[in-house]
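Engineer: Please work out how this folds:
(2 chains)
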Amino acid sequence: MDRRSFLKTGAAAAALPWPSVFAAPQWRAYEVTTRVEILKPQGASRAWLPLPLVEDTPWQRNIGNQWSGNAAHTQVLSDGKYGAAMLYAQWNADSAPVLELTSRFATRDHAVDVARPRADAERLSAAERAFFTAPTEYIPTDGIVRDTAREIVRKERTDIGKARAIYEWVVENTFRDPEVRGCGWGDIKSMLETRNFGGKCGDLNAMFVGLARSAGIPARDVYGLRVARSAHGYASLGVGSPNVTRAQHCRAEFFAQGYGWVPVDPADVRKVVLEEPGRLAIHDAKVVAARKRLFGGWEMNWLAYNMAHDIELPHSRGPKLPYFMYPNGESGGQRLDSLDPDSFKYTITSRETTA
Amino acid sequence: MIRLALVLALLGALPAGAEALKPWSGGATPPLELDDLKGARHRLADYRGKVVLINFWATWCVPCREEMPSIERLRASLENRPFAVLAVNLAEPESRIARFLEAVPLGFPILLDRDAKAARAWQAKMLPATYIVGPDGAIRYRHLGELDWSKPEVRESIIRLMKR
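Structural biologist: Predicted coordinates:
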């Protein structure tokens, strides 16, 4: 490295707005309330609302869920494959369905030091390793996905090195093909074949997970909801008001021997580029800082719901969902449009309850 | 001069519309059998003898929404000819499609690909993805991305397929 580039790097590092969080951070408690109404029921109705992760982690603890409303039947259920928890409610044909769910939980910032392996790090069984390297319906691990992954990790020998190479590739290559006006539909094979890499977290972090699994590294998406503003000055990485109805966000994790599950979020690096005031360049200090921290760290102003792919809603004859982080409803056997305020209305609010 | 003449001769040899529609080389036509919004079942095999435009789309896809009126113009201009349009919606709730149709009335059926299996079988790698199937049931052209389907050269390509 010559002196000029050293000075440049040093200056950028000094200006990094997002400090390391390896020191044990404080727990913060939140309350998220989801209110659902089915306004024009066409017969018997049902609703499925995602619940926070059931199992406690070093970065999220479940405090409890309570609900009210006029459902004939409510029950906490989970999908059979991933254990994604949900509140299920059903109403008779003659009712005007209303359901309000309040989930309480605590989170603290999560970071794994990818430079220092730990003897006490979590281990994966052979069955778990197979599970988290398997393809899903939208995340194939053969063909162009496997070929792309192999090319990206060609020079890397360690899981951390391979995962970092994939992370950097996703950050560098996600853009929209300017020659074709079209939309990807969350299928990473199609995204790679058309080089149409425009997308949101569900697409970009799925790309990370698919490439990692194809390279033999266990990986998974984690679906959830942003619940508070970012403490590091990133307007794009938090919510600005208590109304978090549209704040769904998914992240990703990969597993490395000696480190356990490592948090990443390449999609949020692209979000910083796109949505921070002034449309930042990829070399802007704010982007550089986020890019560094989001490999190995999550700011926990976010609630994790589940890690489920291709989820079948219990008691529904409707299609599988690629993921489950939005309230879902059905009336008269028809899946309701969660974006149609005239038929299926829901609001989600969040507040911090830490004293 | 000779080179210019050669280029002009080559251009003249190309069928009109060839630049707009890419000939299909992806193999046999996958089956297509889906219900429309009214519950009526549509089988591609039942359209044998007609040129069929099959358009994979979704309301959240801006280019899909923007090209849809041009497909309707094409359909209207070929009314009473052996031509049909089947628009295959990618796994959206019917209420959302209905709202779109209130704003953009269309004279062709909207089929419901509820589990996206048809889109996968047809290799609709992005949206919109449009296939032109000849009267013999074989795919002739595919176009990925937005297109003005009412352009004369595109219309001519489709009419030529009717005459084969």
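Engineer: And the strands in chain B?
Structural biologist: All strands of chain B, identified by DSSP state E, fall at B:22-23, B:33-35, B:41-43, B:51-57, B:83-90, B:110-113, B:129-133, B:139-144.
Engineer: mind showing which ranges of the chain have poor pLDDT?
Structural biologist: The chain I'm using is chain A. For chain A, residues meeting the criterion pLDDT under 70 lie at A:1-24, A:175-180, A:184, A:186, A:198-199, A:339-342, A:355.
Engineer: wait, I meant chain B there
Structural biologist: B:1-20, B:164.
Engineer: residues in contact with A:Thr57?
Structural biologist: Counting by C-beta atoms under 8 Å, 6 or more residues apart in numbering or on different chains, A:Thr57 touches A:Ala304. Every residue, glycine included, has its C-beta placed from N, CA and C.
Engineer: Quick check: the closest residue to B:Leu147 other than its chain neighbours vs A:Arg181, distance?
Structural biologist: Computed as C-beta to C-beta, 6 or more residues apart in numbering or on different chains, the closest residue to B:Leu147 that is not its neighbour in sequence is B:Glu67, at 6.0 Å. Distance, B:Glu67 to A:Arg181, by C-beta to C-beta, to the nearest Å: 9 Å.
Engineer: which neighbours do those two share?
Structural biologist: Residues touching both B:Glu67 and A:Arg181 (C-beta under 8 Å, 6+ apart) are B:Glu146.
Engineer: neighbour count winner among those two?
Structural biologist: More crowded of B:Glu67 and A:Arg181, by other C-beta atoms under 10 Å in any protein chain shown: B:Glu67, with 24 against 19.
Engineer: Isn't that one up against B:Leu144?
Structural biologist: No. With contact defined as C-beta atoms under 8 Å, B:Glu67 does not reach B:Leu144; the gap is 11.8 Å.
Engineer: which neighbours do those two share?
Structural biologist: What both B:Glu67 and B:Leu144 touch, as defined by C-beta under 8 Å, 6+ apart, is the set B:Pro128.
Engineer: can you tell me which residue is nearest the centre of the chain?
Structural biologist: No chain was given, so I picked chain A. Centroid-nearest residue in chain A: A:Cys250, 1.3 Å away (criterion: C-alpha atoms, centre = their mean).
Engineer: You answered for a different chain; I wanted chain B.
Structural biologist: B:Leu53 (3.3 Å).
Engineer: OK, contacts around that one?
Structural biologist: For B:Leu53, counting by C-beta under 8 Å, 6+ apart, the contacting residues are B:71, B:74-75, B:83-86, B:130-133, B:149, B:158.
Engineer: And for B:Arg81?
Structural biologist: By C-beta under 8 Å, 6+ apart, the neighbours of B:Arg81 are B:Ile159, B:Met162.
Engineer: Could you measure from it over to B:Leu74?
Structural biologist: For B:Arg81, the distance to B:Leu74 equals 11 Å [C-beta to C-beta].
Engineer: likewise A:Arg61?
Structural biologist: Separation of A:Arg61 from B:Leu74 (C-beta to C-beta): 58 Å.
Engineer: Repeat that for A:Asn70.
Structural biologist: Plainly put, A:Asn70 is 50 Å away from B:Leu74 if you go by C-beta to C-beta.
Engineer: what about those two, which has more around it?
Structural biologist: The residue with more neighbours, out of A:Asn70 and B:Leu74, is B:Leu74; 20 against 12, by other C-beta under 10 Å.
Engineer: what are the ranges of the helices in the stretch 101-250 of chain A?
Structural biologist: A:126-131, A:143-152, A:159-173, A:188-194, A:201-214 (DSSP state H, counting those that start in this stretch).
Engineer: so which of the ones you listed gets nearest B:Gly137?
Structural biologist: helix A:188-194 (25.0 Å; C-beta to C-beta).
Engineer: hmm, who's touching that closest one?
Structural biologist: With contact meaning C-beta under 8 Å, 6+ apart, helix A:188-194 is reached by A:138-140, A:143-145, A:148, A:177, A:180, A:182, A:184, A:196-197, A:199, A:203, A:206-207, A:210-211, B:125-126, B:144.
Engineer: so how far is it from its chain's centroid?
Structural biologist: 20 Å (C-alpha atoms, centre = their mean, to the nearest Å).
Engineer: if we can go back for a sec, and the strands of chain B: which comes nearest A:Arg246?
Structural biologist: strand B:83-90 (21.4 Å).
Engineer: which residues sit against the closest one?
Structural biologist: Strand B:83-90 has contacts (C-beta under 8 Å, 6+ apart) with A:185, B:32, B:34, B:42, B:44, B:47, B:50-59, B:68, B:71, B:74-75, B:97, B:106, B:108-113, B:116, B:118-119, B:124, B:127, B:158, B:162.
Engineer: so what's the residue nearest to the centre of chain A up against?
Structural biologist: So A:Cys250 contacts A:Cys201, A:Gly202, A:Asn205, A:Asp221, A:Val222, A:Tyr223, A:Gly224, A:Ala267, A:Tyr323, A:Met325 (C-beta under 8 Å, 6+ apart).
Engineer: hmm, back to that, and the residue nearest to the centre of chain B, how far from B:Gly134?
Structural biologist: Using C-beta to C-beta, one obtains 11 Å as the distance from B:Leu53 to B:Gly134.
Engineer: before we move on, back to that, pick the most deeply packed of the helices of the stretch 101-250 of chain A.
Structural biologist: Highest mean neighbour count of the helices of the stretch 101-250 of chain A: helix A:201-214, a mean of 26 (counted as mean count of other C-beta atoms under 10 Å in any protein chain shown).
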